[in-house]
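A.B. asks: give me a 3D structure for the following:
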Amino acid sequence: MTDLAKRFANNPILRPADVQPSAPGMRVECLLNPGAFRFRGRTGLLLRVAERPPQTASAVSTPVLDPSAPGGVRIVSVSRQDPELKASDPRVFNWKGVDYLTTLSHLRLAWSDDGERFTADPSPTLVGDGALEAFGVEDCRVSTVADRFLLTYTAVSANGVGVGCIETSDWRSFHRLGMIIPPHNKDCAIFEERVAGNWVCFHRPSGVGLGGNFIWLASSPDLRHWGDHRCLARTRPGMWDGERIGAGAAPIRTPEGWLAIYHGSDGKRYCLGALLLALDDPSRVIARSRTPILEPSAPCEQTGFFGHVVFTNGHVVDGDTVTVYYGAADEVICGARLSLAAILASLR
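C.D. replies: Now for the predicted structure:
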């Protein structure tokens, strides 16, 4: 069984044209991978908004956060004829031995009364802050814990890619906990309740040489200091998740175990699958999807800034229904509903 999703009829639910640029001279190129939550009867998405100046035939340009520059943003512009430019990847270029993202991302709230029709706020909610976020903030997961929300996001700079954490209770004031896991790491989602007295999170270290892009677990007594790191799931050569994997949002407690929706890539496309973990020991994998539960089949999922991609950071649960919000082709935001019972049945 594959692709258990019932996509929204109005997909994509948000496009770049639906979001105002953060400043004059900038253009929203992509909307990606929102965190999802409920707040005061509404559904909220925390979007990753990727911007850059309009591109020209003669130069590649990208913004970088720089407190010394006017408006706090410096534009790096490089001639396409420059022999020191390497720009074959639409997501990153290298110039004089330094990697730059082709866009600068911030996080922005969007709200809905029905969970399908969203309106984005007119200005950014959270932007990069400090040297460890000079290339922006990306792909935020939102974990709801009692009366507060824990935001884990990717902090990007020339120093590498790490995990930042922010707390809020009202979506107006934010308390930064700083970088909780150093580079190279991303795809961090905090469980929404303690396990055996500790907080638990998924994370995804990666690098060169031995190892790979695997899903790991860590635990913490205080949300700041993380240890007891364990490798939870590895890529499976020859399968839909054979090249890289990473966690989506916080797992869902079910009677059969923690149900975690994750992304996987075989090098040609990104799909979604599921892991079932023991409730008392989430490092023990009970079952794992043999085939994807959602794969890029719709036109907006196959063609875009980076095609053949479905990638989720966020979902909300109502009884047996999990509504998954996901980035499609690294350009637009879509939604789909899946049955928890159907996902669990596919794992048996």
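A.B. asks: I'd say K268 and H308 touch.
C.D. replies: Yes - applying CB atoms under 8 Å as the test, K268 and H308 come out as touching, 6.6 Å apart. Using the backbone N, CA and C atoms, a C-beta is placed for each residue, glycine as well.
A.B. asks: looking at those two, which is more packed in?
C.D. replies: Set K268 next to H308 and count neighbours by other CB atoms under 10 Å: H308 wins out with 19 against 10.
A.B. asks: quick one: the more buried one and C300, what's the gap?
C.D. replies: Distance of H308 to C300, given as CB to CB, to the nearest Å: 11 Å.
A.B. asks: H106 too?
C.D. replies: In terms of CB to CB, H106 sits 23 Å off from C300.
A.B. asks: so which of the two has more stuff around it?
C.D. replies: H106 (21 against 18).
A.B. asks: OK, contacts around that one?
C.D. replies: Contact analysis of H106 by CB atoms under 8 Å, 6 or more residues apart in numbering lists S22, R48, V49, E51, P124, T125, L126, V127, G128, G136, V137.
A.B. asks: three-state assignment of the residue nearest the centre of the chain?
C.D. replies: The geometric centre of the chain, computed from its C-alpha atoms, lies nearest to D139 (CA atoms, centre = their mean), at 3.0 Å. Under DSSP: H, G, I helix; E, B strand; the rest coil, D139 falls in the strand class.
A.B. asks: check what pLDDT it gets.
C.D. replies: For D139, the pLDDT comes out at 98.
A.B. asks: so what's it up against?
C.D. replies: Counting by CB under 8 Å, 6+ apart, D139 makes contact with L32, N33, R48, Y153, T154, K186, D187, N313.
A.B. asks: tell me the one of those nearest I343?
C.D. replies: Nearest to I343 among those: N313, at 17.7 Å, using CB to CB.
A.B. asks: what about the closest one, how many neighbours?
C.D. replies: Neighbour tally, N313, other CB under 10 Å: 32.
A.B. asks: list the buried ones in the host helix or strand of it?
C.D. replies: Secondary structure assignment for N313, by DSSP states H and E: strand 310-318. Using 16 or more other CB atoms under 10 Å as the test for burial, strand 310-318 gives V310, F311, T312, N313, G314, H315, V316.
A.B. asks: same deal with stretch 36-53?
C.D. replies: Buried-residue list, stretch 36-53, by 16+ other CB under 10 Å: 36-37, 39, 43-52.
A.B. asks: farthest pair in the residues you listed?
C.D. replies: It's F39 and R52 that sit farthest apart of the buried residues of stretch 36-53, by CB to CB, at 30.5 Å.
A.B. asks: where does the chain have low pLDDT?
C.D. replies: 1-2, 208 (pLDDT under 70).
A.B. asks: helices of that one, start to end?
C.D. replies: Ranges of helices within the chain are 299-302, 340-347, based on DSSP state H.
A.B. asks: quick check: which of those is buried the most?
C.D. replies: Among the helices of the chain, helix 299-302 has the highest mean neighbour count (mean count of other CB atoms under 10 Å), at a mean of 18.
A.B. asks: pull the distance from it to the chain's centre.
C.D. replies: Taking CA atoms, centre = their mean, to the nearest Å, one finds helix 299-302 lying 18 Å from the centre of the chain it belongs to.
A.B. asks: pipe the helices of the chain into JSON lines and attach distance to L275 per row.
C.D. replies: Compiled in JSON lines, the helices of the chain are given as follows (distance: least, CB to CB, whole Å):
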{"stretch": "helix 299-302", "distance to L275": "22"}
{"stretch": "helix 340-347", "distance to L275": "8"}
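A.B. asks: so for D228, which of the ones you listed sits nearest?
C.D. replies: From these, taking CB to CB, the stretch that ends up closest is helix 340-347, at 25.9 Å.
A.B. asks: that closest one packs against which elements?
C.D. replies: Applying 3 or more CB pairs under 8 Å, 6 or more residues apart in numbering; DSSP states H and E, we find helix 340-347 packed against strand 252-254, strand 257-265, strand 270-277, strand 285-288, strand 321-328.
A.B. asks: start to end distance for stretch 101-119?
C.D. replies: Using CA to CA, to the nearest Å, one end of stretch 101-119 lies 27 Å from the other.
A.B. asks: rewinding a little: touching both of H308 and C300, which residues are there?
C.D. replies: Joint contacts of H308 and C300 (CB under 8 Å, 6+ apart) are A329.
A.B. asks: so what are the sheet partners of the longest strand belonging to the chain and their directions?
C.D. replies: In the chain, taking DSSP state E as the definition, the longest strand is strand 27-39. If you go by DSSP bridges, strand 27-39 pairs up with strand 42-52 (antiparallel).
A.B. asks: can you check what angle separates the strand it pairs with from strand 310-318?
C.D. replies: For the pair strand 42-52 and strand 310-318, the angle between their directions (axes from the mean of the first three to the mean of the last three CA atoms, to 10 degrees) equals 160 degrees.
A.B. asks: when you give positions from now on, start the count at 51
C.D. replies: Got it, the first residue is 51 from now on, which makes the last one we talked about strand 92-102.
A.B. asks: please state the offset of strand 92-102 from the chain centre?
C.D. replies: Distance, centroid of strand 92-102 to centroid of chain: 11 Å (CA atoms, centre = their mean).
A.B. asks: tell me where the stretch 101-250 of the chain has strands.
C.D. replies: Using DSSP state E, counting those that start in this stretch, the strands of the stretch 101-250 of the chain run over residues 109-115, 123-129, 135-139, 142-145, 148-151, 154-162, 169-170, 187-195, 198-207, 210-218, 225-231, 235-240, 249-255.
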